[in-house]
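Novice: the following block contains a protein sequence and its predicted model.
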Amino acid sequence: MRTVPSALQEKLSSGVTTLCRCWRIVRRDGVVLGFTDHDEDVTVDGTLCRAGTGLTGSEATARLGLSVDGSEISGALSDDSLSEEDLAAGRYDAAAIELFLVDWSEPSLAMLLSKGTIGEVRREGAAFSAEMRGLADRLNEPSGRLYTATCSADLGDGRCGINLTDPGYRGSGTVTTLNGVSSFFASGLESFADTWFTAGKLVWTGGANNGLAVEVKSHRVVDGGVSLTLWQAMPEPVAEGDTFSVTAGCDKRLETCRDRFDNVVNFRGFPHIPGNDFVTRYAIAGEPGNAGKSLQQN
């Protein structure tokens, strides 16, 4: 049950109008930012909540049971606080967010209204809106093992066991020629086989996208050299001379685990589980176990 500070309750009971909302956002990289819908900056619990961003919030919704509750915040993109590049780079994805009700005339009178994470972020010109998901959203995350033909582990994680720091699974390269927004030729990867880095992770180590990561859509060895295509365009244009590191990829099939990584002992899939095609099959005369009869009559 939420407890309202007595001093704040007195002002609420008196019909005071010196109230505002403040949001504190903690990104996954540790950056802490504060925003308010007041017309002046407000400091809440040691965090400076900046005004002037046009930030506003929708009414919060709450539901009985374990349904996800949430609300939405929207505002203007500002170079000093919220930038389009940070949003496009995913730096606010799944960031922790807290909503406070604050008396701006006495900021020590602050009450935590809700907390959760940032969900879907939408951008429209110089404005943005972000979904604020409640704590119940964590209950929607899958847990336990899934019975699938492909492996449920990610290459290099604790269940997989492959060491991606091994030079055989890791390479460094430099962009030499651009083929498009998200496709380019690179040097430094000539010793790796075709498709070795397909579905792998590329991290930029130099250039305008330094520090950002993206999944590799395809890695091909062609006559012109080594070609890499990314699944999505980077927030900043890729340029010749940009450097990166890239790790091997895995399509999570048993054959790949066996032939490429020799790691079948850690394979986390069920390659022999019957699929949907097995359910819809019918018996064929002459197949083992059918006693020479067919269930389908011509």
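Specialist: Alright, I've got the coordinates.

Novice: so Asp242 is in contact with Asn209, correct?
Specialist: Yes - counting by Cβ atoms under 8 Å, Asp242 touches Asn209, with 7.2 Å between them. (Glycine included, C-beta is placed from N, CA and C.)

Novice: can you tell me which residues contact Thr254?
Specialist: Heads up, residue 254 is Leu, not Thr. With contact taken as Cβ atoms under 8 Å, 6 or more residues apart in numbering, Leu254 is in contact with 151, 264, 267, 269, 271.

Novice: just the pLDDT for it.
Specialist: In this prediction, Leu254 carries a pLDDT score of 93.

Novice: give me the below-cutoff pLDDT ranges for the stretch 51-200 of the chain.
Specialist: 53-84, 124-127, 136-142 (pLDDT under 70).

Novice: Asn210 is in contact with Trp204, isn't it?
Specialist: Yes - the criterion here is Cβ under 8 Å, and Asn210 meets it with Trp204 at 5.4 Å.

Novice: who's more crowded, these two?
Specialist: Taking neighbours as other Cβ atoms under 10 Å, Asn210 and Trp204 compare with Trp204 leading, 20 against 13.

Novice: buried residues in stretch 261-281, which are they?
Specialist: Within stretch 261-281, the residues that qualify as buried by neighbour count (16 or more other Cβ atoms under 10 Å) are 261, 263, 267-270.

Novice: tell me the mean pLDDT for it?
Specialist: The predicted confidence, averaged over stretch 261-281, sits at 84.

Novice: kindly export it (C-alpha atoms) in CSV.
Specialist: Taking Å, rounded to 0.1, in the frame of the first residue of the first chain, the C-alpha atoms of stretch 261-281 are listed here in CSV:
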residue,chain,number,x,y,z
PHE,A,261,31.8,-25.9,-33.4
ASP,A,262,32.1,-29.6,-32.4
ASN,A,263,29.8,-28.8,-29.5
VAL,A,264,27.0,-31.4,-29.7
VAL,A,265,27.4,-32.3,-26.1
ASN,A,266,26.0,-28.8,-25.2
PHE,A,267,23.3,-28.7,-27.9
ARG,A,268,20.1,-27.5,-26.3
GLY,A,269,17.6,-28.5,-29.0
PHE,A,270,15.5,-31.5,-29.8
PRO,A,271,16.3,-32.2,-33.5
HIS,A,272,14.3,-35.4,-33.6
ILE,A,273,11.0,-34.0,-32.2
PRO,A,274,8.1,-34.5,-34.7
GLY,A,275,7.0,-31.3,-36.4
ASN,A,276,3.6,-30.1,-37.7
ASP,A,277,4.2,-32.1,-40.9
PHE,A,278,4.2,-35.3,-38.9
VAL,A,279,0.7,-34.6,-37.5
THR,A,280,-0.7,-34.1,-41.0
ARG,A,281,0.9,-37.1,-42.6
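
Novice: how far out from the middle of the chain is that stretch?
Specialist: Averaged C-alpha coordinates place stretch 261-281 at 27 Å from its chain's average position (Cα atoms, centre = their mean, to the nearest Å).

Novice: likewise stretch 185-203?
Specialist: When C-alpha coordinates are averaged (Cα atoms, centre = their mean), stretch 185-203 and its chain have centres 23 Å apart.

Novice: next, the distance between the ends of that stretch.
Specialist: Using Cα to Cα, to the nearest Å, the span of stretch 185-203 from its first residue to its last is 16 Å.

Novice: ditto for stretch 120-134
Specialist: Its start and end residues considered, stretch 120-134 measures 13 Å (Cα to Cα).

Novice: identify each buried residue in it, please.
Specialist: Burial within stretch 120-134, assessed by neighbour count using 16+ other Cβ under 10 Å, is assigned to 128, 130-134.

Novice: do stretch 177-191 as well
Specialist: Using 16+ other Cβ under 10 Å as the burial criterion, the residues of stretch 177-191 that qualify are 182-186, 188-189.

Novice: same check on stretch 211-219?
Specialist: By 16+ other Cβ under 10 Å, the buried positions in stretch 211-219 come out as 212, 214, 216, 218-219.

Novice: which other residues reach that stretch?
Specialist: Taking contacts as Cβ under 8 Å, 6+ apart, the residues outside stretch 211-219 that touch it are 89, 182, 189, 192, 194-204, 226-232, 234-235, 246, 249.

Novice: can I see the domain layout of the chain?
Specialist: With automatic domain parsing as the criterion, the domains of the chain are listed as 6-140, 167-247.
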